[in-house]
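Participant: Provide a 3D model corresponding to the input given below.
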Amino acid sequence: QVQLVESGGGLVQAGGSLRLSCAASGRTFIDYTMGWFRQAPGKEREFVTAISWSGSTYYADSVKGRFTISRDNAKKTVFLQMNSLKPEDTAVYFCAARRGSSISIRAPLYDYWGQGTQVTVSS
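Facilitator: All right, here's what the predicted structure looks like:
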């Protein structure tokens, strides 16, 4: 069992930055690929980025070059650095964990989810 707790959301002006954190419980954090998804009001949950245990990453085109995912396996934490934020980045951001080393952009393939943290970007 893995429990995920996100933090770091908030209100920021367009062009600003935020850093999200996701702290995981459990003893096998390194066995999981970690992902970030987001969901805006009235929209489906969408893939943002993911990182394998070895550090391989993949980004949605909409955030490529602006967002950076990283992980600290010793601290069982994954981070999402978000720069050059845009109003369309406004959403609830969810951390997710998937057993194994394969990155997936499909939400149903992730086994555990956090409660989410709100990110609001004002224009």
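
Participant: number of nearby residues for P108?
Facilitator: The tally of other residues near P108 (other CB atoms under 10 Å) stands at 7. (Glycine included, C-beta is placed from N, CA and C.)

Participant: and it, that one's in a helix?
Facilitator: Yes. Assessed with DSSP: H, G, I helix; E, B strand; the rest coil, P108 lies in a helix.

Participant: and the gap between it and S84?
Facilitator: Distance of P108 to S84, given as CB to CB, to the nearest Å: 30 Å.

Participant: just L4 next, same as before
Facilitator: L4 is 26 Å from S84, by CB to CB.

Participant: The two: which has the busier surroundings?
Facilitator: Legend: neighbour count by other CB under 10 Å for L4 and S84, higher for L4 (22 against 13).

Participant: tally of neighbours for T28?
Facilitator: So T28, with other CB under 10 Å, has 13 neighbours.

Participant: Can you name the residues that contact it?
Facilitator: For T28, the contact set (CB atoms under 8 Å, 6 or more residues apart in numbering) comprises V2.

Participant: State the pLDDT value of it.
Facilitator: pLDDT for T28: 82.

Participant: For the strand or helix carrying A97, list the C-alpha coordinates in CSV.
Facilitator: Per DSSP states H and E: A97 is located in strand 91-99. Extracted in CSV, the C-alpha atoms of strand 91-99 (Å, rounded to 0.1, in the frame of the first residue of the first chain):
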residue,chain,number,x,y,z
ALA,A,91,-6.3,22.8,-12.2
VAL,A,92,-6.2,20.4,-9.4
TYR,A,93,-2.9,18.5,-9.6
PHE,A,94,-2.7,14.9,-8.6
CYS,A,95,0.3,12.7,-7.8
ALA,A,96,0.0,9.1,-8.8
ALA,A,97,2.1,5.9,-8.4
ARG,A,98,2.3,3.0,-10.8
ARG,A,99,4.0,-0.3,-10.0
